Structure formats: C-alpha cells, structure tokens
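Peer 1: sequence first, then the predicted structure, then my questions.
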Number of protein chains: 2
Amino acid sequence: MTISSRFAVAVHILTLLETGRGEPLTSEYMAGSVNTNPAVVRRILSMLARAGITVSRLGAGGGTMLARSAADITLKDIYRAVECQEHLFALHHEKPNPKCPIGRNIQAVLERATGAAQSALEEELGERTVADVMAEVWAEDREARSATI
Amino acid sequence: MTISSRFAVAVHILTLLETGRGEPLTSEYMAGSVNTNPAVVRRILSMLARAGITVSRLGAGGGTMLARSAADITLKDIYRAVECQEHLFALHHEKPNPKCPIGRNIQAVLERATGAAQSALEEELGERTVADVMAEVWAEDREARSATI
DNA sequence: AAAGTGTGTTACCATCATTGTAACATTAAT
DNA sequence: ATTAATGTTACAATGATGGTAACACACTTT
C-alpha cells in the first residue's frame, strides 16, 4: 500500500509556482513539467486552493500562484491538503467481536499507536517547506551538472 | 489514501496469539474475534510467517503460535511484514520532464523528504511491542469495566 | 461587442489493490 | 482411515487512482 502520487505531484507543482515568482502559471505548462494531463494538475490545484495554499485567476492570462510565501508552506500542509485529512491507518472493516476481551479493546489501543505514528510522520513533513525543496532542487541540479562536466 | 486494514488485523491476531501462551490457535478461532473469514486470517498469517514472526503447525491439532517473545515483536516488524516492504510514498507515474530543471531533480529531493517521513513513522512504530499492546488492551478493559459498574 | 484563453468541474474509462469467499491439495493427529 | 487444520489458488465485488474529454464560466484583449 502506498500513498498516492498526488503528494509528489503537488510538491512538484508548488515548486514550479515558486519559480514563477508572482507570475501565474497555467495548468498546461505545469502538466508539461510533471508529464501528465492538465486536468490532473487542475484537480490537485483545486485541493490546494481549498486548503488556502494556492490562488488562481480565471480567464485569459490567468493561472495559479502561491497564496503565501514558499517558506510558509510545509510538506505537512501539502500532505494534509491532497492526501490525508484524517486517519492514515485503516482499522478493521467489520467491528471486532465485542464478546472477546481483545476484540472489544484492540481498536482503542490501535488508534493510539497509529495516531502516534501518523503524528511522527506529519511532524517530519512539517520540518520541510517548499522553499527548502526549491533550494535542494537547485543544489541537486548544480551537483548533477558538475558531475557530468 | 489509507494504509490497509491488514496492519490492524495483524496486530489483533498477534495479540490473540500472545494470550494463547504456547497453545496454537486456529485461523477459525481468530477469525471469530477479528470478525472476518478464516482465509483472510491465514493470508495475513502467511505474511507474518514469511517474516519469521509466527510459526504454524499443519494438520489436526495444528494452528499458529508466536515465533518469539511478544516483547520482541514491534509494530514496526508487523508493519514491514504486512504493509510496506519499500516506499510508503509513491512518486510520479510517468517520469517528469527531464528538460525542466525542476522536473529532472524533484524526484531525488522527494525521495529524501518522504524517506525521512517514513523513517519517522517506522521509528515510532518501533517503540511499541505486541507485549505493550497486550498490556494496554487489559488496561483498557479494566477501565471500561470500572466505568460501567 | 466579439473572440480567445484558461480555470473549475463533471463524467467516464481502465487499472489496480483490497477484502471476502469458496475450493482443494497437503499435512498431521487420533 | 478419518478428521482437522494449514497454505494456496482463483474469483467476484468494491473502491481509489490516474488519464481523458467536454463544457460552463470568467476574464483579457482586440
């Protein structure tokens, strides 16, 4: 089981928007970098806009921009916006047997354990911002270039 | 996107096995507590056995037991066995555009960020063992009883 | 005012993972 | 031999995901 690629695409998109620096970018342009369909980009942008991370301008000359500084957008914000509003871990499909001491208590215990794990994951994501990602992308590019030259 | 219920069921099963204390339990018995089909239990047990967490005896009078002490089985072990052998986060379906500076470097950066997040999650899961879960289940049961009496 | 551009949303399809279910060969105890 | 149990396979139903097309609406430009 994996977390969907929406998170990866969302981070990609937001990094692109940061390079735009105020200029709105179109979904078609971003789709060209992500290598997917513009509607897929717009679908993800719709989630990011609902979370207050991006703003769009309709009509000709329109497009999307960051709603706030890239240094104020953490990967946790993005994760919550496009992946997981609530619980990362699923519990049992059917309620366990209430006549069994394990069955009637295991879910409360599991909720604590998985909640702690999810919090740990989100805290780690909260340590990185879009600005950090951008800086790492440039560093990566410089390194790749110096290696091949 | 959620992590499948296999993890929850696996923890449930292993907690049951710990109560068995050496006596092998059948998949039918465990399915009764989990409230699912015995074959579902056996499917998960097969993954746990492959990871060296449980051992089974075939034939009449057979069943499954823990392969080692419950205090030596962490939730991380279980998670790795039934959910996620490799990457928790998916990257792009199609490779991003290599002509774009963001496109050709974003995946390396994403791998570091998501890898760190996954490690944080697994470390947290590694803090808890089946023995801990068992103790919490009993505590939960005592509390529930004292509250209703 | 008219034409053109781009978003936001809907609908639909193909694919894949998950869960439940039945079936069956194999193994072991009685 | 008979019975009981695992381990595995196959299959259906469901739901999430990603790709695609279409279109109403908003806005700019001419």
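Peer 2: Yes, it's here. Just so it is clear, the model here is predicted, and its values are computed rather than measured.

Peer 1: what's the particular helix or strand that has A:Ala139 in it in contact with?
Peer 2: Counting by DSSP states H and E, the element that carries A:Ala139 is helix A:130-148. Here helix A:130-148 makes contact (Cβ atoms under 8 Å, 6 or more residues apart in numbering or on different chains) with A:11, A:14-15, A:18-19, A:66, A:69-71, A:73-75, A:78, B:101-102, B:104-106, B:108-110, B:112-113. For glycine as for every other residue, the C-beta is placed from the backbone atoms N, C-alpha and C.

Peer 1: in ChimeraX, how would I select just the buried ones from the residues you listed?
Peer 2: Applied in ChimeraX, the following selects the buried portion of the contacts of helix A:130-148 according to 16 or more other Cβ atoms under 10 Å in any protein chain shown:
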select /A:11,14,15,18,19,66,70,73,74,75,78 /B:101,102,104,105,106,109,110,113
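
Peer 1: how about the helices in chain A?
Peer 2: Assigned helices in chain A, in chain order: A:6-20, A:27-34, A:38-50, A:75-82, A:106-126, A:130-148 (criterion: DSSP state H).

Peer 1: what about the second one, near DNA strand D?
Peer 2: No. Residues of helix A:27-34 are not located near DNA strand D by Cβ under 7 Å from any atom of the strand, the shortest gap being 8.0 Å.

Peer 1: buried ones in that helix?
Peer 2: So helix A:27-34, judged by 16+ other Cβ under 10 Å, has buried residues A:Ser27, A:Tyr29, A:Met30, A:Ala31, A:Gly32, A:Ser33, A:Val34.

Peer 1: farthest-apart pair in the residues you listed, please.
Peer 2: Spatial extent of those (Cβ to Cβ) is set by the pair A:Ser27 and A:Ser33 at 11.1 Å.

Peer 1: and for A:Arg43, the neighbour number?
Peer 2: Look at A:Arg43: counted by other Cβ atoms under 10 Å in any protein chain shown, it has 14 neighbours.

Peer 1: gap between it and A:Val34?
Peer 2: For A:Arg43, the distance to A:Val34 (Cβ to Cβ, to the nearest Å) stands at 12 Å.

Peer 1: make TSV out of the buried residues of helix A:27-34 and add pLDDT and distance to B:Thr2.
Peer 2: Listed next are those as TSV, based on pLDDT from 0 to 100; distance: Cβ to Cβ, whole Å:
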residue	pLDDT	distance to B:Thr2
A:Ser27	98	28
A:Tyr29	98	33
A:Met30	98	27
A:Ala31	98	28
A:Gly32	97	32
A:Ser33	98	29
A:Val34	98	24
